[in-house]
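Student: test case, fold it:
(chains A and B)
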Amino acid sequence: MANLSVKLCGVTLKNPVIAASGTYGFGREFNELYDIGQIGGVSTKGMTLEPRLGNPVPRIAESRGVILNAVGLQNPGVEHFIECDLEWLKSTGTAVIANVAGKTLEDYEKICARLDGLVDMVELNISCPNVKSGGMAFGIQPQSVEAVTRVAKSGAKNTPLIVKLSPNVESIATNAKAAENGGADCISLINTLTGMAIDIERRRPIIANNTGGVSGAGVKPVAVRMTYEASQAVSIPVIGMGGITCAEDAIEFLMAGATAVQVGTANFTDPYAMPKIIQGLNAWCDKHNVANVSDLTGTLQLNGR
Amino acid sequence: MKDYIATIVKNEKIAENVYAVTLDLGEPAKARCGQFGNLSVGGTHLLRRPIAICKIEGNTVTFCYQIKGEGTQRLKTLGVGEKLNVLMPLGNGFYVEETEKKVALVGGGVGVFPLISVLRQYGVDKEISAYIGYRNKGAVCGVEEFEKADKFTAVTDDGSYGEKMNAVQAFQADLAKGNRPDVVLACGPTPMLRALMKVTAEENLPCYVSLEERMGCGIGACLVCVCDMTDGKKARVCKDGPVFDACDVIL
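Tutor: Residues are numbered from 1 along each chain as shown, chains lettered A, B, ... in the order given. Prediction:
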């Protein structure tokens, strides 16, 4: 039995497996299938100060090995979360990570201040590709990444702040560094890659929003590479994600430099994906005589040239 | 709700471009009419396919599906004895009140299959009239099931089987003759449901419609498959539906 617990900015997670925002709601539905208290953490559905209705349907499409989505930040608003879901989610024993988005810098400060001290961590969504004003504007240029991080941190004074990075940028290392300079306690990556899938009979994009965020197994090599580059650039912990389907995938991200991982699309393919990944991590560690899963972080050795 | 590793006991063509797959769950299958299952099709497909439950018999459950894209194309190729995962039962399903004795089923396209599950659940206790529309004779299926209804009217768009009209027109024609049901249950293409909802609203008839939408998780977590509600909110087709009171949704 390996020790799967990891420490992330002072928060101890039972294991390094976190549900990725937007694929898991606030955990209630998956808790009907298994006890979500066994999951390291849950990053909630992306929340805004006010409720949002999101995009028109269809909001999802499939392409080989990946999916595209454009839900558009539909959410009941942060107050609804605090009132109806927060205590329950905490009571399950999983770490609660509140994923938040905003239209303006002020929104980010306000929502972070509202959640400060109430949740285990706050994850800043500055990279939602599916809404015109969903923070993507803040997630592209390093200057604005740093600025929005600084403002958010001034709200989340006593709560570790994770900045979730967009892969749709010039340099992931530069943006990772910008988040760290802005006061981020941790970074997570990658958010989805912007893509398009076309219904050739109708000659129109399948998704009503035209473009959507690409995720799932097929994006994993890109995500692993970016996790490596980002973790090399910063000294704060990194949460890796993008296409993780099994324990072996998660281990790639850990070796590339991640302290923990998030699992998203795999929850759709197999609703038990996360408990299976946790079991698989334990089995892999035992088989390879790894006493602590945290010992795997950053152990990648590049090939010589 | 449970994720079954099911065994395919039958997977065959039942009409033009429509197949029926029967799965053995390894234990008694439980679902109410109008609920659905989320079927894994394997390969490079990351999303499951949400398909209405058509029949439940002992340990087996039958789903009928139209070949639409690569996922259903792949499902079609799976043979007897192969395994696939099915998460079920999902969604709310159809309910008929004790006081509702006469039930009208209005269906079209692949929407006819959840109505077969209604007939199988309520066929004994209720007086059921089924109005089923098909594209043409080649698309006709489920007749042996619908013939068990107290009244069955099959029509086609081109008149190649039954009269040339759609299911809503067939329902309206019977309504004009004084055959008024206590409740209408429907499933089919959106234009059909829209036309029906107009009729039932004018006639002040209770009507419940089963909706279809592209889904992500299938259990209510991801907010992908929403529909517009008359109160300005959005509902999740997979979890709050797929069956809705026609008065509550905007199509």
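
Student: how about the helices of the chain, start to end?
Tutor: No chain in the question, so chain A it is. For chain A, applying DSSP state H gives helices covering A:28-31, A:78-80, A:86-91, A:105-115, A:136-139, A:142-155, A:172-181, A:220-233, A:247-256, A:266-269, A:273-287.

Student: looking at chain B here, not the other one
Tutor: According to DSSP H, the helices that chain B contains are B:70-77, B:112-122, B:143-146, B:167-176, B:190-202.

Student: neighbouring contacts of the first one?
Tutor: I take that to be helix B:70-77. A:62, A:64, B:11, B:19, B:21, B:39, B:41-43, B:45, B:47, B:49, B:65-67, B:84 (CB atoms under 8 Å, 6 or more residues apart in numbering or on different chains). In short, each C-beta sits where N, CA and C put it, glycine included.

Student: also the longest one?
Tutor: Under the contact criterion CB under 8 Å, 6+ apart, helix B:190-202 has outside partners B:106, B:108-109, B:111, B:133, B:166-168, B:171-172, B:175, B:184, B:186-187, B:205-207, B:209, B:211, B:246-247, B:251.

Student: got the residues of the stretch 151-300 of chain A near chain B?
Tutor: A:216, A:217, A:265, A:266, A:267, A:268, A:269, A:270, A:271, A:272 (CB under 8 Å from any CB of the partner chain).

Student: which one (most neighbours) among those residues?
Tutor: When neighbours are taken as other CB atoms under 10 Å in any protein chain shown, the top entry among those is residue A:265 (30 neighbours).

Student: surely that residue touches residue A:213?
Tutor: No: shown here, residue A:265 and residue A:213 do not form a contact pair, counting by CB atoms under 8 Å, at 10.2 Å.

Student: burial count for residue B:213?
Tutor: 18.

Student: residue 197: neighbour count?
Tutor: Reading this off chain A. 18.

Student: oops, chain B please
Tutor: If we define neighbours as other CB under 10 Å, then residue B:197 has 20 of them.

Student: list the residues that contact residue A:278.
Tutor: Residue A:278 neighbours (CB under 8 Å, 6+ apart): A:4, A:15, A:17, A:38, A:39, A:40, A:247.

Student: closest to residue B:30 among those residues?
Tutor: residue A:38 (26.2 Å; CB to CB).

Student: could you pull out the strands in the stretch 1-150 of chain A for me?
Tutor: A:6-8, A:11-13, A:17-19, A:41-43, A:60-63, A:66-69, A:95-100, A:121-125 (DSSP state E, counting those that start in this stretch).

Student: how about the nearest residue to the residue of chain A found nearest chain B, chain neighbours excluded?
Tutor: Going by CB to the nearest CB, chain B is nearest to residue A:25 of chain A, at 3.7 Å. Nearest residue to residue A:25 in three dimensions, chain neighbours excluded: residue B:221, at 3.7 Å (CB to CB, 6 or more residues apart in numbering or on different chains).

Student: the one you found touches residue A:21, doesn't it?
Tutor: No: the pair residue B:221 / residue A:21 is not scored as a contact, 11.2 Å apart, by CB under 8 Å.

Student: what about stretch A:156-171, average pLDDT?
Tutor: Averaged across stretch A:156-171, pLDDT comes to 96.

Student: mind listing what the closest residue to chain A within the stretch 101-250 of chain B touches?
Tutor: With CB to the nearest CB, the shortest gap between the stretch 101-250 of chain B and chain A falls at residue B:221, namely 3.7 Å. Each residue near residue B:221 by CB under 8 Å, 6+ apart is listed here: A:23, A:24, A:25, A:28, A:29, A:30, A:267.

Student: let's see that with 6 Å instead.
Tutor: A:24, A:25, A:29 (CB atoms under 6 Å, 6 or more residues apart in numbering or on different chains).

Student: and the helices of chain A, which one averages the lowest pLDDT?
Tutor: Among the helices of chain A, helix A:136-139 scores lowest, at a mean of 79.

Student: can I get that helix as CSV, trimmed to CA atoms?
Tutor: Extracted C-alpha coordinates of helix A:136-139, given in CSV (Å, rounded to 0.1, in the frame of the first residue of the first chain):
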residue,chain,number,x,y,z
MET,A,136,-10.0,34.0,-22.0
ALA,A,137,-9.1,37.6,-22.6
PHE,A,138,-7.0,37.5,-19.3
GLY,A,139,-5.4,34.2,-20.1
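
Student: buried deepest among the helices of chain B, which one?
Tutor: helix B:112-122 (a mean of 25; mean count of other CB atoms under 10 Å in any protein chain shown).

Student: compute the inter-axis angle for that one and helix B:167-176.
Tutor: Note on geometry: by axes from the mean of the first three to the mean of the last three CA atoms, to 10 degrees, helix B:112-122 and helix B:167-176 are set 40 degrees apart in direction.

Student: can I get the CA coordinates of helix B:112-122 in CSV?
Tutor: The C-alpha trace of helix B:112-122 is given here as CSV (Å, rounded to 0.1, in the frame of the first residue of the first chain):
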residue,chain,number,x,y,z
VAL,B,112,-41.2,5.4,-31.4
PHE,B,113,-39.0,3.2,-29.2
PRO,B,114,-39.5,4.8,-25.8
LEU,B,115,-43.2,4.7,-26.5
ILE,B,116,-43.0,0.9,-26.9
SER,B,117,-41.7,0.9,-23.3
VAL,B,118,-44.8,2.8,-22.2
LEU,B,119,-47.0,0.3,-23.9
ARG,B,120,-45.2,-2.5,-22.2
GLN,B,121,-45.5,-0.9,-18.8
TYR,B,122,-49.1,0.5,-19.0
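
Student: and it, average pLDDT?
Tutor: Per-residue scores along helix B:112-122 average to 97.

Student: now tell me what touches that helix from outside.
Tutor: B:33-34, B:52-54, B:64, B:94, B:96, B:105, B:107, B:132, B:142, B:145, B:149, B:185, B:187, B:210.

Student: let's see it at 8 Å
Tutor: B:31-36, B:52-56, B:63-64, B:94, B:96, B:103, B:105, B:107, B:128, B:130, B:132, B:134, B:141-142, B:145-146, B:148-149, B:185-188, B:210.

Student: go on, stretch B:39-50?
Tutor: By CB under 8 Å, 6+ apart, stretch B:39-50 touches A:60, A:62, A:64-67, A:216-217, A:265-266, A:268-270, B:21, B:36-38, B:51, B:63, B:65, B:70-72, B:74-75, B:78, B:84-87, B:90, B:215-216, B:218, B:238.

Student: residue B:1: what's it in contact with?
Tutor: Counted by CB under 8 Å, 6+ apart, residue B:1 has contacts A:32, A:33, B:87, B:88, B:89, B:90, B:219.

Student: equivalent analysis for residue B:9, please.
Tutor: Contacts of residue B:9 by CB under 8 Å, 6+ apart are B:22, B:23, B:24, B:60, B:80.
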